[in-house]
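> Sharing a sequence plus its predicted fold:
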Protein chains: 2
Amino acid sequence: MRTQAGESIVEKDRLDPWGTTTVKDYARLQTEFGIEPIGSLLPRFKKPSPHLSRGIDFGHRDLGRIADAVENNNPYAVMSGIKPTGNFHLGTKMTADDMVYFQSLSKKGTVFYCIADVEAYADNGLSFGETSKIALKNVADILALGLDPEKAVVYLQSEEMRVMRLATVFSRGVTNNALKAIYGERPIGLYMSALVQAGDILMPQLPELGGPKPVLVPVGADQDPHIRLTRDLAARFRDEYGFIPPSAVYHRLMLSLTGDQKMSKRSEDSLLTLEDSQAAASRKVLTAFTGGRDTVEEQRRLGGRADICPIYDLYRFHFARDDEHVERVYNECTKGIRLCGECKQEANGLVKEFLTEHRRKRESMMHDAEELLAKSRDYLMSKGKQ
Amino acid sequence: MRTQAGESIVEKDRLDPWGTTTVKDYARLQTEFGIEPIGSLLPRFKKPSPHLSRGIDFGHRDLGRIADAVENNNPYAVMSGIKPTGNFHLGTKMTADDMVYFQSLSKKGTVFYCIADVEAYADNGLSFGETSKIALKNVADILALGLDPEKAVVYLQSEEMRVMRLATVFSRGVTNNALKAIYGERPIGLYMSALVQAGDILMPQLPELGGPKPVLVPVGADQDPHIRLTRDLAARFRDEYGFIPPSAVYHRLMLSLTGDQKMSKRSEDSLLTLEDSQAAASRKVLTAFTGGRDTVEEQRRLGGRADICPIYDLYRFHFARDDEHVERVYNECTKGIRLCGECKQEANGLVKEFLTEHRRKRESMMHDAEELLAKSRDYLMSKGKQ
């Protein structure tokens, strides 16, 4: 990947899973990194999720393996995780929605969910006392979003030596050059974090957890480097473990409410979280950047720019009642029928409704969350180590 | 560290904990790396170990802290570990002897001993089933060498998330340049191994294990890079953990029986192990390289070269009956009174006697080894995580 003048363009063409990436051209991810379009696979998912039907999940690697497993009634896993730092925001919700959907496709779909408390400790200085409270709430969040606890294993990174063991093994099998090619020159702490994530993704294939199986990782487009590293490692250690390269499904990144970059945990106003008070959420929505024009007259004439509008993203990614609703908002906006003020008001109502309902559900799920954590712990402890 | 011509001499002046190092000039370790001579500290150890009285422990960092703790009846720890790959060889015995001695100085001296089964798995492909058997025997070995089980905590790396947690924290606090300065450009697996060892060394200072205290690490001279890294990390994380920089005592490396490099696990004949059959041990001793001269006449006239003789090392490091015995062998050799044949025969007898006695003791200690492992496990599990 060098320009004709010999100047490296690798740096800016590299996806950065730790940075604030804006992906401007999803098509290029396909040509440059080999992420496949969902296209021809779509008919295999009979009841497509909103992410699939609305093109939010825009690409994949080996998603066909999951479709195969569903169709043939074979076991598969869906793997994801969260760093329990307190913010379950709308980006996290997107991954959770995918997780819930792909788990729901078959009785044989098991979710593995990692609570990365060691990373929260190392990166954010949170004690295990603090993170265990946050984790419980996070688990209640995903239960409220529809996770089936009967087919889920939730674990704390601080209690799962299998992952650390795999990360140690992988550290011996990866070259520094391979890491540099994927991530660029990074501090060792980030490389180590990447190897631990590879351990998380491949753990469901360990013999004591049922052995090799397709594993789907739903991620934002910026997380692809982790997927590539893990697929490389799966291939390198195939003889030893029989690993099947993990599959991935990629969702688009939401536009920031403040109009810049991707939703980042760093800027309070750039995102909605499931913790926001109704007042805070309203303020964020009503003062958000939009794709509107400079004047009403202009907007009536030219239409709004839904494609760059974070408010439109709220409808499309999360809060529209159905696909028809998304389409209607898009058309009304781009044809100049709908103005930003009314559009924000409607979105605000939908957000309010969702937050109220979600919190009610989550509250009622706290006990189930505790049970799921305890049950998972017993399950994993009973499996020993091989 | 550059020559006047500007050419870097760092590479060859760097100690390599993973290679086969021959340290030719122990004095230089003091001037270049800041390892202190034992000298003035010696009188503080009233019954010096053979390692101290014979100059085998040639240097230290902050050994005074341990002398202080002993004199003031304050708690301290002695930390070491073993990769359970099967070979408890004479190099391992040297570390064990130091461990036993420094533990014995006070009722408040606790040994922490790490069985690095994850590394044995990652580096040598040994299953946890295999390593747990080897570990048991290794623990019986150190009990037979005199370890007091009442003041010892032995843990499996595969069960101690505290170490992995510290390694993760440290990976965030160390720069790639700091690692390169200490170890040179290395594969990430070795860097990760180094960070895990730093975790092992600092674990005894965690609050749930009694908090900050002096910790002594007895090592071969070639392991100093790990000590320097860990001392750097202790300083960097002092505010958070209150770490006291670990102390170290350095022993000389034994000469290889085949006359080249240090005892290496790679060359079967270069070392004695506690597993060798009497026949194998005899063969190794009787066919060893020596510091003898080309002819008997020459040796009578010039004397033997004990300083480059691995047979003399056997006496000095392990099997002489007492210090006087070592001195006698040295004098008889260098004055041409003692010839290599008879010297080897005597050494062979001492080795035979030791191996017989050691195995008898070890056999009788297998049950105690099991108990120590179980007791340690309960102790560490009961401490939770903070």
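Looks like it arrived, so ask away. For clarity, every value in this text was computed on a predicted model and none was experimentally measured.
> that's a strand at A:Ala279, yeah?
No: membership of A:Ala279 in a strand is not supported by DSSP: H, G, I helix; E, B strand; the rest coil, which gives helix.
> What separation do you get for it and A:Lys352?
Using CB to CB, to the nearest Å, one obtains 10 Å as the distance from A:Ala279 to A:Lys352. In short, each C-beta sits where N, CA and C put it, glycine included.
> Same question for A:Ala122.
Distance from A:Ala122 to A:Lys352, by CB to CB: 37 Å.
> Those two: who's more crowded?
Neighbour totals were compared for A:Ala122 and A:Lys352, and A:Ala122 leads with 22 against 15 (other CB atoms under 10 Å in any protein chain shown).
> Name the secondary structure element that contains that one.
helix A:117-124 (DSSP states H and E).
> what's the offset of that helix from the middle of its chain?
Distance of helix A:117-124 from its chain centroid, counting by CA atoms, centre = their mean, to the nearest Å, is 19 Å.
> any residue of that helix up close to chain B?
Yes: against chain B, helix A:117-124 shows contacts by CB under 8 Å from any CB of the partner chain at A:118-119, A:121-123.
> same deal with stretch A:167-180?
Yes: Stretch A:167-180 lies within reach of chain B by CB under 8 Å from any CB, at A:167-169, A:171-176, A:179.
> can you give me the strands in the stretch 101-250 of chain A?
Secondary structure of the stretch 101-250 of chain A (DSSP state E, counting those that start in this stretch): strands at A:109-115, A:152-156, A:215-220, A:247-251.
> Does the second one reach chain B?
Okay, so that is strand A:152-156. No: Strand A:152-156 lies out of reach of chain B by CB under 8 Å from any CB, never closer than 9.4 Å.
> Can you add distance to A:Tyr191 and pLDDT and give the residues of helix A:117-124 next to chain B back as TSV?
Listed next are those as TSV, based on distance: CB to CB, whole Å; pLDDT from 0 to 100:
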residue	distance to A:Tyr191	pLDDT
A:Val118	15	89
A:Glu119	13	89
A:Tyr121	18	87
A:Ala122	14	85
A:Asp123	14	86
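> Could you single out the nearest of the residues you listed to B:Ile201?
A:Ala122 (17.8 Å; CB to CB).
> Could you check how far A:Met99 is from B:Arg44?
Separation of A:Met99 from B:Arg44 (CB to CB) stands at 62 Å.
> ok, back up a step: the helix holding A:Ala122 - contacts with which helices or strands?
The helices and strands touching helix A:117-124, judged by 3 or more CB pairs under 8 Å, 6 or more residues apart in numbering or on different chains; DSSP states H and E, are helix A:128-144, helix A:188-202, helix B:161-173.
> now with 7 Å?
Under the contact criterion of 3 or more CB pairs under 7 Å, 6 or more residues apart in numbering or on different chains; DSSP states H and E, helix A:117-124 touches helix A:128-144, helix B:161-173.
> Give me the more crowded residue out of A:Met99 and B:Arg44.
Taking neighbours as other CB under 10 Å, A:Met99 and B:Arg44 compare with A:Met99 leading, 25 against 14.
> thinking that one is in contact with A:Val217, fair?
No: A:Met99 is not in contact with A:Val217 according to CB atoms under 7 Å; the separation is 9.5 Å.
> which residues do those two both contact?
Shared contacts of A:Met99 and A:Val217, defined by CB atoms under 7 Å, 6 or more residues apart in numbering or on different chains, comprise A:Ser80.
> and the residue of the stretch 1-150 of chain A found nearest chain B, what does it touch?
Residue nearest to chain B within the stretch 1-150 of chain A: A:Ala122 (4.5 Å; CB to the nearest CB). For A:Ala122, the contacting residues are B:168-169, B:172, by CB under 7 Å, 6+ apart.
> Tabulate the residues you listed in a markdown table, adding columns for neighbour count and pLDDT.
Supplementary listing: those in a markdown table, determined by neighbours: other CB atoms under 10 Å in any protein chain shown; pLDDT from 0 to 100:
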| residue | neighbour count | pLDDT |
| --- | --- | --- |
| B:Thr168 | 26 | 93 |
| B:Val169 | 25 | 93 |
| B:Arg172 | 16 | 90 |
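> Looking at the strands of the stretch 101-250 of chain A, which is nearest to B:Ala306?
Ranking those by proximity to B:Ala306 (CB to CB) places strand A:152-156 first, at 57.6 Å.
> Show me which residues of the stretch 51-200 of chain A sit near chain B.
Contact residues, the stretch 51-200 of chain A versus chain B (CB under 7 Å from any CB of the partner chain): A:118, A:121-123, A:127-128, A:158-159, A:161, A:164-165, A:168-169, A:171-172, A:174-176, A:179, A:187-189, A:191-192.
> and A:Val174, how many neighbours?
By the criterion of other CB under 10 Å, A:Val174 has 22 neighbours.
> I meant to write A:Arg300 there.
Neighbour tally, A:Arg300, other CB under 10 Å: 14.
> and it, that's in a strand?
No: assigned with three-state DSSP, A:Arg300 falls outside any strand and is helix.
> In contact with it: list those residues for me.
Counting by CB under 7 Å, 6+ apart, A:Arg300 touches A:Gly336.
> in stretch A:185-192, what's buried?
A:186-192 (16 or more other CB atoms under 10 Å in any protein chain shown).
> no wait, stretch A:270-287
A:270-274, A:276, A:281-282, A:284-285.
> per-residue confidence at the nearest residue to A:Val296 once chain neighbours are set aside?
Counting by CB to CB, 6 or more residues apart in numbering or on different chains, A:Val296 lies nearest to A:Leu339, which is 6.4 Å off, once chain neighbours are set aside. In this model, A:Leu339 is scored at 96, pLDDT.
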